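*Asks:* return atomic coordinates for the entry below.
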Amino acid sequence: MASDSSAPKATEEKLCFSEDNGAPPRPKAGSPCWVEICTADSPAKLKEFYSALFPAWEWKSTPEQEEKVAMYSFSEPKGLSGGIVRLPEGHKSEEQPLGIGQTVYFYVESLEETEKKVHELGGKTVLQKMPESDNGWFMNFKDPVGNRFGAYEFNWARHSKTDGA
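*Replies:* Residues are numbered from 1 along each chain as shown. Here you go, the predicted structure:
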C-alpha cells in the first residue's frame, strides 16, 4: 500500500464539518452544502457584484485559483459555502453540464446511491462523478422537468481528526 503524503497531519488545522474541532456539525443528508454561480468571465467580476449586494458573505482567499473560482461562505447557516466558478473556454451555457446560473449542491452520503435514485425517479445525470480537490466528489443531475442540481459527497476521512498515535 502506497503512503499517502497528502493526508493531514495531527498538528494541521482542519476546516471541516466535525463537532469536535469547533467547526459546524456535519449536515444531514439532503442539506444544502454548496451554492455555485457560473460565469464565462473571470470570477472577480461577479465577486465585486455579490460583495456589494451581500456584504455578509465571507470571501475565502484562493490565489492559486483566482481565475477559476472565487469561494465564499455565508454567515448563516454556518457551514454553507459556495463559489463563483469560471466555465471552461468555448462552452455555451446550454451545452455545459454545469450550466449558467446557480447550482445548489445537496450533501449526500453516497453519490452512487443518489444517482441510482435520481434515475429511478425519472431524473438524469448530466455530469459524472468528479473530484473536488481532496475534499470530496460531486455530480450534477436534472430532475424530471429539467432543473439542474448537484450532489456532494464529502471525503470525511480527510476531515477526521488524527490522534497522533
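
*Asks:* show me the shaky parts of this structure.
*Replies:* Along the chain, the parts satisfying pLDDT under 70 run over 1-25, 63-64, 91-100, 157-165.

*Asks:* quick one: residues contacting M139.
*Replies:* Counting by CB atoms under 8 Å, 6 or more residues apart in numbering, M139 touches 111, 114-115, 125, 127-130, 150-151. Just so you know, the C-beta spots here come from the backbone N, C-alpha and C atoms, and that holds for glycine as well.

*Asks:* filter those down to the buried ones.
*Replies:* Using 16 or more other CB atoms under 10 Å as the burial test, these include 111, 114-115, 125, 127, 150-151 as buried.

*Asks:* among those residues, which two are most distant?
*Replies:* Spanning the widest gap among the buried ones among the contacts of M139 are T114 and L127, at 12.9 Å by CB to CB.

*Asks:* how near is C38 to K78?
*Replies:* 25 Å (CB to CB, to the nearest Å).

*Asks:* if you could redo that for S133, that was the one I meant.
*Replies:* For S133, the distance to K78 - CB to CB - is 21 Å.

*Asks:* those two - which one has more neighbours?
*Replies:* Between S133 and K78, counted using other CB atoms under 10 Å, the more crowded position is K78 (12 against 8).

*Asks:* tell me the backbone dihedrals of that one, please.
*Replies:* phi -60, psi 140 (degrees, to the nearest 10).

*Asks:* for L127, see how far away it is.
*Replies:* K78 sits 28 Å away from L127, taking CB to CB as the criterion.

*Asks:* where's the residue nearest the centre of the chain, which helix or strand?
*Replies:* Nearest residue to the geometric centre of the chain (CA atoms, centre = their mean): W34, 4.7 Å. W34 belongs to strand 32-39 when assigned by DSSP states H and E.

*Asks:* counting by contacts, list what that strand packs against.
*Replies:* helix 43-53, strand 81-86, strand 101-107, strand 148-154 (3 or more CB pairs under 8 Å, 6 or more residues apart in numbering; DSSP states H and E).

*Asks:* looking at these, which is closest to F141?
*Replies:* Short answer: strand 148-154, nearest of the helices and strands packed on strand 32-39 by CB to CB, at 5.9 Å.

*Asks:* tell me which residues touch the closest residue to W34 other than its chain neighbours, please.
*Replies:* Among residues not flanking W34 along the chain, Y105 sits closest, at 3.8 Å (CB to CB, 6 or more residues apart in numbering). Contacts for Y105 (CB under 8 Å, 6+ apart) come out as 32-36, 138, 149-152.
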